[in-house]
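[1] pasted the sequence and its predicted model underneath.
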Amino acid sequence: MTRETTRFVYVTYILSTPEKVFEAITKPDVARRYWGHENISDWKVGSKWEHIRANDERSVELVGKVIEVSPPTRLVISWANASQADDPASHSRVAFEIVEYEEMVRLTVTHDDLIAGSGMANGVSNGWPTILSSLKSLLETGKGLDVFAKPKAA
């Protein structure tokens, strides 16, 4: 039986350089400022990466492997909840494509091989727009968004 998969694609344009965008994704101290998490790895093909909550608990929430890296234009990683790290079938894939456009870059994030209807698929469709909007805000204004904010009650 073949599992049904889905993908999520998000494209944004950022007044920045490819180097700064790539650094924002891969440098823990920068990621903390717009994501509330740190992405920890040596960013070499085959190396593990961990997504660690930047709070007192420092919990590892996501894990994966570096699949492809070509700074500052492309990064591809596998992606899974830390609790499912040993189950390859639960891993999805995230590709970051960074293309220079004069004074800005186009950042395309493609998160694919998601199990259709899964909690992960639902989570990333809500999470990526917030995270990438915060990344854009940080690089353009120096301040990220509150990615943990909740909608105001009506």
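    Structure's in. What do you need?
[2] any weak-confidence spans in this structure?
    Segments of the chain classed as low confidence (criterion: pLDDT under 70) are 1-2.
[3] can you pull out the strands in the protein?
    Read by DSSP state E, the chain holds these strands, from start to end of the chain: 5-14, 37-40, 48-53, 60-70, 74-81, 92-101, 104-115.
[4] and these as a markdown table, adding distance to Thr141 and mean neighbour count?
    C-beta: built from backbone N, CA, C; applies to glycine. As requested, the strands of the chain are exported to a markdown table (distance: least, CB to CB, whole Å; neighbours: other CB atoms under 10 Å):
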| stretch | distance to Thr141 | mean neighbour count |
| --- | --- | --- |
| strand 5-14 | 11 | 15 |
| strand 37-40 | 20 | 19 |
| strand 48-53 | 24 | 18 |
| strand 60-70 | 27 | 17 |
| strand 74-81 | 24 | 20 |
| strand 92-101 | 19 | 18 |
| strand 104-115 | 14 | 18 |
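[5] need the ones you listed in CSV (columns: distance to Lys143).
    Formatted as CSV, the strands of the chain follow (distance: least, CB to CB, whole Å):
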stretch, distance to Lys143
strand 5-14, 14
strand 37-40, 17
strand 48-53, 20
strand 60-70, 23
strand 74-81, 24
strand 92-101, 21
strand 104-115, 18
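[6] out of these, nearest to Pro129?
    The closest of those to Pro129 is strand 5-14. By CB to CB, the value is 6.2 Å.
[7] show me what that closest one is packed against.
    Packing partners of strand 5-14 (3 or more CB pairs under 8 Å, 6 or more residues apart in numbering; DSSP states H and E): strand 104-115, helix 119-141.
[8] Ala153: which of the ones you listed is closest?
    Distances from Ala153 to each of the helices and strands packed on strand 5-14 were compared using CB to CB; the minimum, 18.2 Å, belongs to helix 119-141.
[9] got a list of contacts for the closest one?
    By CB atoms under 8 Å, 6 or more residues apart in numbering, the list of residues contacting helix 119-141 from outside reads 6, 8, 10, 12, 14-16, 20-21, 24-25, 30, 33-35, 80-81, 90, 92, 107, 109, 111, 114-115, 143-145, 147.
[10] let's see that with 7 Å instead.
    Taking CB atoms under 7 Å, 6 or more residues apart in numbering as the criterion, the residues outside helix 119-141 that touch it are 6, 8, 10, 12, 14-16, 20-21, 24, 33-35, 81, 92, 107, 109, 111, 114-115, 143-145, 147.
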